[in-house]
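With the sequence up front, the predicted model follows.
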Amino acid sequence: MESMIHDMAERLFRDHVTHRMREDAASGQCPEALWTQIEEAGLTMALVPEDAGGFGVPPAEALGLLRIAGAHGLPLPLAETLIANAVLATANMALPGGRLTIAEGEALRLEQRGKRVHASGHLTLVPFARWASLIVTIAVLDGTDHVLSLPVKVLNVAPAQDLAGMPRDDIKLDHTLAETDAVPLPRPMGGMRQLGALIRSLAAAGAMETILEMSIQYANDRVQFGRPIGKFQAIQHNLATMAGETAASRTAAEMAAGSYDTPAFALTVAAAKARAGEAAEKVGALAHQIHGAIGYTQEHALHHFTKRIWGWRDDFGTELDWTRELGRAALSSPHDTFWHFITDSAAKGAPA
Amino acid sequence: MESMIHDMAERLFRDHVTHRMREDAASGQCPEALWTQIEEAGLTMALVPEDAGGFGVPPAEALGLLRIAGAHGLPLPLAETLIANAVLATANMALPGGRLTIAEGEALRLEQRGKRVHASGHLTLVPFARWASLIVTIAVLDGTDHVLSLPVKVLNVAPAQDLAGMPRDDIKLDHTLAETDAVPLPRPMGGMRQLGALIRSLAAAGAMETILEMSIQYANDRVQFGRPIGKFQAIQHNLATMAGETAASRTAAEMAAGSYDTPAFALTVAAAKARAGEAAEKVGALAHQIHGAIGYTQEHALHHFTKRIWGWRDDFGTELDWTRELGRAALSSPHDTFWHFITDSAAKGAPA
Amino acid sequence: MTLTAFSPPPPGTDFDDLRQEVRTFLAEELADFPPEKRAKSWNGFSRDFSRKLAQRGWVGMTFPKEYGGHARNALERYVVSEELLAAGAPVISHWIADRQSGPLILAKGTDDQKRRIVPRIAAGELCFCIGMSEPDSGSDLAATRTMATEVEGGFRINGTKVWTTYAHVADYMILFCRTGKSDDRHGGMSQFLVDLKATDNIQITPIIDLSGEHHFNQVVFDDTFLPSDALLGEKGEGWSQVMSELAFERSGPERFLSSFALIEELIRLLRDDATEAQQAEIGRLSAHLMVLRQMSRSVAGMLNEGENPSLQAAIVKDLGALFEKDIPRLARSLVSRPAVPGGSDSYAAVLAYTELAVPSFSLRGGTREILRGIIARGLGLR
Amino acid sequence: MTLTAFSPPPPGTDFDDLRQEVRTFLAEELADFPPEKRAKSWNGFSRDFSRKLAQRGWVGMTFPKEYGGHARNALERYVVSEELLAAGAPVISHWIADRQSGPLILAKGTDDQKRRIVPRIAAGELCFCIGMSEPDSGSDLAATRTMATEVEGGFRINGTKVWTTYAHVADYMILFCRTGKSDDRHGGMSQFLVDLKATDNIQITPIIDLSGEHHFNQVVFDDTFLPSDALLGEKGEGWSQVMSELAFERSGPERFLSSFALIEELIRLLRDDATEAQQAEIGRLSAHLMVLRQMSRSVAGMLNEGENPSLQAAIVKDLGALFEKDIPRLARSLVSRPAVPGGSDSYAAVLAYTELAVPSFSLRGGTREILRGIIARGLGLR
């Protein structure tokens, strides 16, 4: 797929995302300058309609940015901001700019207090919360999905990290929101768990492509027992396996991205997140096996990339959660045969 | 372990068990002449006490015969007869000689009718029933294990086969037994499911050793792309995996055999049957991968050996049955830690 | 790394109407076709079924109309193929001809060969087999020994082919053999179109497989005479012809649906009362299947566009083979029910059949070692 | 095929009393030792703990009494080792010295070396590290470049070692390097006993691993002077000395217990309310563990009898590595609970630690490729 915005993002990340930046981010330092450039390039608005400031590209193309960000190990909440803006725009809420993030809101309790909404409960594993100005989530009030826009500055953020050392914070909520900060969604668009699973699937596919590339390079360069290790059949098999897992993950993630905002989304995103997690385990393990001890050290990019793909397995539903969901759907489907369920669950392509 | 009876069995099977015999047996033909030799050599009595006609060797040594029989693909109920005789001897019942077999009796209903016992229910997957004179099983009457000796000639045997084409028949039972044919066991010795699992684990270990040997031989002999395929790293890895699985299965089976008639038997036999089944799947698949199409044909010994180890997975409890049993024990054990459960479950060696 | 990217199948290629037509046809034709027969997947043989399918226009779909084909695209053909496989329809009688021999003849054959043979393939009348493997060659085609010697008016063939699927019923064989000595490992090979029903001195003997069935054969050529017009394509170009033929064989839905009958049986058992763990495993299986299917359709789409997705095709086949081989293990991990060959319990019978069929899956179209070698080269390993 | 047979451990080698003593000791010493520290397995460091253990006679157990040892047999040592590992006791401070450096010095060292060093090892006072890998050698020891040049009164060392576990705290290093040029790939190597606390011109810099911890180091020798009596064993015999040393390193219980803390956490979560599927998976794990332990004890028994079970040892290590590496996957397949490094939920913290530690498991004592090569040769592949 030829895409101007993909090319732009590719150049921006290639020129500015450094190993040092990824290391610093993992120890708590937000790369502010790069964020400014990303925002100026408009990438955070790629998924909102053109009249709200977007590029007017198909959702699959806008979401493709997240695979590219993953491929570069971008240590910033671009994906979260992209989704947050899209959800706010759908609910016709203000788009404040800056770094935003998203959280699963399924467990929140909402109650109407006069004209305002009171929200209580826990938001857990919220990515980048302490680097964001706003947390956007979706929760249910009287059977209707509501978008909540929660200003981080009034919240109590308990910092925590994922496997890669990236911020993934906990928040205890007991707040009455401003009238404009809790708005019913005019049409369902999947909960934040689904949207979050989508962005992690895309990023993981990109990161795995980079890991594969690194590993091929290393296998061609590294000499042992008198020849490049890539000549050994066992290493070739490992790389072939990595290629298969990586290709499957990307296909799955793009299938989900292609069905964004369509009825096929719920099942394709379940497949994508589950498939990405399974692949991440294998790809990371094999990459380390190929690299030997060198890839294990903080100085090597592999260190950062494998930890991120492993950390993402736990965000927005684990493999176990998503496979259960998908299996439940398969086993309770009204179709005559399992095969009919499978063909029906496939993305039909974005609506015209 | 140096053993005279092992040497004797090894010689007997090596000289007399042919590929043709195994093929004929798989299409229903019992090798009567070989049976006579086995019985004349006394092998069927190896597990009974010396005063009942046994050799007076430790149980682990007697049971070792079954690994050797497995290694030769013996198509006769030696294992079943060995166990049947041991159970009959423990209950001080008559040892009639000839081919016997065993069946899981847990699902039978027994009731006392005067001095006699009436047995009803199904015996399923009974190995070699139609080649045997007697089916020996253990079932419960009033909370006590009873040994039942069921003459095949009065039963209605519905013939069926296992994966390898060997007899594994079904019997519907609704019979009042002779007084001497239903006798309480003086001490518990594990149900027929456990004893059956033990003999299958031992036989599978032996068969896998033969499959491994065949595969090494083939890899050394077969030339492709100008060199023996055993020079290829992928084939070497496959053979190393087969060796590990085979060694683990034999160790597990011998651990169970070593705890025959001790309190450790229930758990070690569960581990042995589960481990053998898992190994059988891998070893069979890899052996066929190494042999290519040739091993797939009826003319090749591998055809017979892989089908037998696969068929045995279903006899006397599947892997799922046995791992559940073992896991239930582990999770409900009164030990402080799982580790204590593991050390305690190990065979402590045969009693003095 | 766009090396391993799979383009999404073009929009509008679901062909829901066609799919529905095929399903209706299959529901009727296979109403009484039991699971243990469906388990044979594309190894089931029925000339009658193939002919009926052809009458509906679903054989030779992509062949030109002048040769009896229907000039439809590869993605329409894909829909029909996957529906047939998922239903376990008995397709072998036309399958090989439709998939690879027909396209080969169309690409390399003489006008006469095309006119004589292709319309009958499209009519579902001709069963083809492939004479490729030999006792000492296996995956190593360069070790082929069967030799065609040029004689007055044709060739004399001597040599032995093995693992020839359905040679005992086939009408034609595409024979791969030497027509010359060459220092180049790949040189001096040619392909022939052998009319099995009209040629003398060919001895076909059965090879019985693990499941006790007769699919494979040994085929001995003993001074067999083939007329000159049996040569298919250029003399000496057999190697490159075979390599492009193999591309048709890779990545189709038959690369991951071989165990599908067992999947349907398993789901039938679990449908009403699955535990969470069973749901999760079925979900994992579903995810793999959804993704494999998308990848496979992507390759069909790329082929349709005239691209050369050979790396992608090898990847799909490698993943697909792992998937379909793993199904019996998966079934055993979820349900404790013994395999019983030919028994009355359809789950038990299908499990037994599939367990014994699994080792044959990797005999088709190249072993895993060869596939992985292709992938490694495609990835740029030097 | 007795090639792959494992003799059952000799009867009467359970040493239940000894085991009970060790358990009582550990229950007391590690009463407040949390799971996330136990997760470090034999990478936990505590000089204090090692000394206390030595006071009980459980370091240098198999060493002769004249060198401070206890002349107990390998199976008694085995019992202590596995109890320490299963409890996740912090043992690294004496572990390497006890397992391989002490036995090496006893076998190859001079009288003076033995008398000076071994009793202090047995007292739990000395921490050893192994200077083996180099930036360009990895698994290929023949590519070793660090060079010892003979000079007046000793040797000058130049070169760089990497992945040297705990070099930053160790008292001694067993250094493997070249002492000559040789056409033979394996020739001209020697071993040295380097007193790290008393030697100048050694620069040790940390290498931070995936879990963010400092276990590894880079060690640079820059014209470092070692006295003549630092030579360990024969000059030029380093290769064969290392090969026999590696045999000590293989097949011990540390080859399958590295993830044991996660197993205990997992079982704690499941204990009261396991589904059938969870029971089955724990049962499978138990079966593997029971069998691995039996195989490992068998090897200890064979070693104790003076046999050379090198094939068996490699098999145990290969199976053990697969087992311990697979535990995080297994945990994830049974419990959906995110890994949280350093968090307050001990399961989540131990999962996080173990997932990041897993890639390091195969760095120890030879990669899988090398192990499988050893097994293949042992099986008689030509």
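Nice, I can see it.

contacts, neighbours, all on C-alpha from now
OK.

does residue A:290 count as helix, strand or coil?
Put simply, residue A:290 is helix when judged by DSSP: H, G, I helix; E, B strand; the rest coil.

For the residue in the stretch 1-150 of chain C positioned nearest to chain D, give me its contacts.
Closest to chain D within the stretch 1-150 of chain C is residue C:136: 20.1 Å, counting by CA to the nearest CA. Taking CA atoms under 8 Å, 6 or more residues apart in numbering or on different chains, we find residue C:136 in contact with C:143, C:144.

Helix, strand or coil: sort out it for me.
Quick answer, by three-state DSSP: residue C:136 is coil.

Mean confidence (pLDDT) on the helix or strand encompassing residue C:243, please.
Element membership of residue C:243, judged by DSSP states H and E, is helix C:238-249. Per-residue pLDDT over helix C:238-249 has a mean of 77.

Residue C:146 contacts residue C:180, correct?
No - taking contacts as CA atoms under 8 Å, residue C:146 lies outside contact range of residue C:180: 10.7 Å.

Between these two, which is the more surrounded one?
More neighbours surround residue C:146 than the other of residue C:146 and residue C:180, with 22 against 15 (other CA atoms under 10 Å in any protein chain shown).

for the more buried one, phi and psi?
Residue C:146 adopts backbone torsions of phi -60, psi 130, taken as degrees, to the nearest 10.

ok, it - contacts?
So residue C:146 contacts C:157, C:158, C:159, C:160, C:161, C:177, C:178 (CA under 8 Å, 6+ apart).

Narrow these to those in helices?
Per DSSP state H, helices hold no members of the contacts of residue C:146.

pLDDT below threshold where in the chain?
Assuming you mean chain A. Along chain A, the model assigns pLDDT under 70 to residues A:1, A:347-352.

could you do chain C instead?
Within chain C, the stretches with pLDDT under 70 are C:1-2, C:138-139, C:182-185, C:247-251, C:363-366.

for it, what's the longest helix?
Max-length helix for chain C by DSSP H is helix C:276-304.

Can you classify the nearest residue to residue A:44 once chain neighbours are set aside by secondary structure?
Of all residues not flanking residue A:44 in the chain, residue A:82 sits nearest, at 4.7 Å (CA to CA, 6 or more residues apart in numbering or on different chains). Put simply, residue A:82 is helix when judged by three-state DSSP.

Neighbours of residue A:82, how many?
Residue A:82, neighbours per other CA under 10 Å, totals 26.

Kindly confirm whether my reading is correct that it touches residue A:49.
No - Residue A:82 is not in contact with residue A:49 according to CA under 8 Å; the separation is 11.9 Å.

Can you give the domain ranges for the chain?
Since no chain was named, I'll use chain A. As assigned by automatic domain parsing, chain A contains the domains A:4-184, A:192-345.

sorry, should have said chain C
C:16-126, C:130-235, C:250-378.

What parts of chain C come near chain B?
Neighbours of chain B within chain C, by CA under 8 Å from any CA of the partner chain: C:137-140, C:143, C:163, C:207-210, C:212, C:332-341, C:343, C:352, C:356, C:359-360, C:362-363, C:369.

just the buried members of the residues you listed?
C:137-140, C:143, C:163, C:207-210, C:332-334, C:337-341, C:352, C:356, C:359-360, C:362-363, C:369 (16 or more other CA atoms under 10 Å in any protein chain shown).

CA atoms of stretch C:75-95 as CSV?
Backbone C-alpha positions of stretch C:75-95 (Å, rounded to 0.1, in the frame of the first residue of the first chain) are rendered in CSV as follows:
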residue,chain,number,x,y,z
LEU,C,75,-10.5,-15.5,-6.2
GLU,C,76,-13.8,-17.0,-7.5
ARG,C,77,-12.0,-20.3,-7.9
TYR,C,78,-10.7,-19.9,-4.4
VAL,C,79,-14.2,-19.6,-3.0
VAL,C,80,-15.3,-22.8,-4.7
SER,C,81,-12.1,-24.6,-3.6
GLU,C,82,-12.4,-23.7,0.1
GLU,C,83,-16.1,-24.6,0.2
LEU,C,84,-15.4,-28.0,-1.3
LEU,C,85,-12.5,-28.7,1.1
ALA,C,86,-14.4,-27.5,4.2
ALA,C,87,-17.2,-29.8,3.3
GLY,C,88,-14.9,-32.7,2.8
ALA,C,89,-16.3,-33.2,-0.7
PRO,C,90,-14.7,-36.1,-2.8
VAL,C,91,-12.7,-34.1,-5.3
ILE,C,92,-9.5,-35.9,-6.1
SER,C,93,-10.8,-37.2,-9.4
HIS,C,94,-10.6,-33.6,-10.9
TRP,C,95,-8.5,-31.8,-8.3
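
Check whether that stretch comes near chain A.
Yes - using CA under 8 Å from any CA, we find that stretch C:75-95 touches chain A at residue C:86.

any idea how far the residue in the stretch 151-300 of chain C that chain D sits nearest to lies from residue C:263?
Per CA to the nearest CA, residue C:277 is where the stretch 151-300 of chain C lies closest to chain D, at 6.3 Å. Distance, residue C:277 to residue C:263, using CA to CA, to the nearest Å: 16 Å.

now what about stretch C:312-321, what contacts it?
A:240, A:243-244, C:4-6, C:247, C:250-252, C:255-256, C:292, C:295-296, C:299, C:361-362, C:368, C:371-372, C:374-375.

Quick check: helices, which of those are part of them?
Of these, the ones assigned to helices by DSSP H are A:240, A:243-244, C:247, C:292, C:295-296, C:299, C:361, C:368, C:371-372, C:374-375.
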